[in-house]
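1. structural data only, the sequence is not supplied:
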């Protein structure tokens with residue numbers, strides 16, 4: 001919880017909270033990399049069961065990429081374990097919707113980084129076909 005609160009405070013302009021009838025149903029925490037202003041790193045995406053199947057994850061990603069704070073962003077990165085079908089589907093749909101190119105490679109490896117206790121996290125990079133237009 002503390003980490004999420006800090007992220008909301010320090011990176012509030014690149015985080016999204018979606019509500020339905022005043023209840024939180026979606027969340028994205030993200031930030032522009034400090035040493036690479038062209039890369040938006042998405043750390044967490046969560047969609048409540050109440051909002052699943054409505055394309056909320058994709059809508060939040062598109063909205064985030066159009067924000068003024070992401071004006072110079074040309075790529076999105078995130079890490080995903082190979083068995084996380086929902087995340088692969090979300091980022092695949094997002095990439096296709098924006099005409100982007102998705103590639104991945106092992107990044108934080110099970111044995112090298114997690115002492116065999118967590119699956120390898122693959123770095124997913126989506127290169128934008130063009131800088132996304134900001135929301136008006």
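-> Received, thanks. The model shown is predicted, which means the values in this text are computed figures rather than measured ones.

2. what's the first helix or strand after the helix-or-strand element of the chain with minimal mean pLDDT?
-> The least trusted helix or strand in the chain, going by mean pLDDT, DSSP states H and E, turns out to be helix 110-113, with a mean of 67. Sequence order places strand 121-127 as the next helix or strand after helix 110-113, per DSSP states H and E.

3. in that next one, what's buried?
-> Judged by neighbour count using 16 or more other C-beta atoms under 10 Å, the buried positions of strand 121-127 are 121, 122, 124, 125, 126. The way it works is simple: take the backbone N, C-alpha and C, and place the C-beta from them, glycine included.

4. likewise for stretch 72-88?
-> Result for stretch 72-88 [16+ other C-beta under 10 Å]: buried residues 73, 74, 75, 76, 77, 78, 79, 80, 87, 88.

5. quick one: which of those residues is nearest to residue 12?
-> Within those, proximity to residue 12 (C-beta to C-beta) peaks at residue 73, which comes in at 16.7 Å.

6. and that closest one, helix, strand or coil?
-> Following DSSP: H, G, I helix; E, B strand; the rest coil, the label given to residue 73 is coil.

7. looking at this, residue 40 is in a strand?
-> Yes - looking at residue 40 with three-state DSSP, it is inside a strand.
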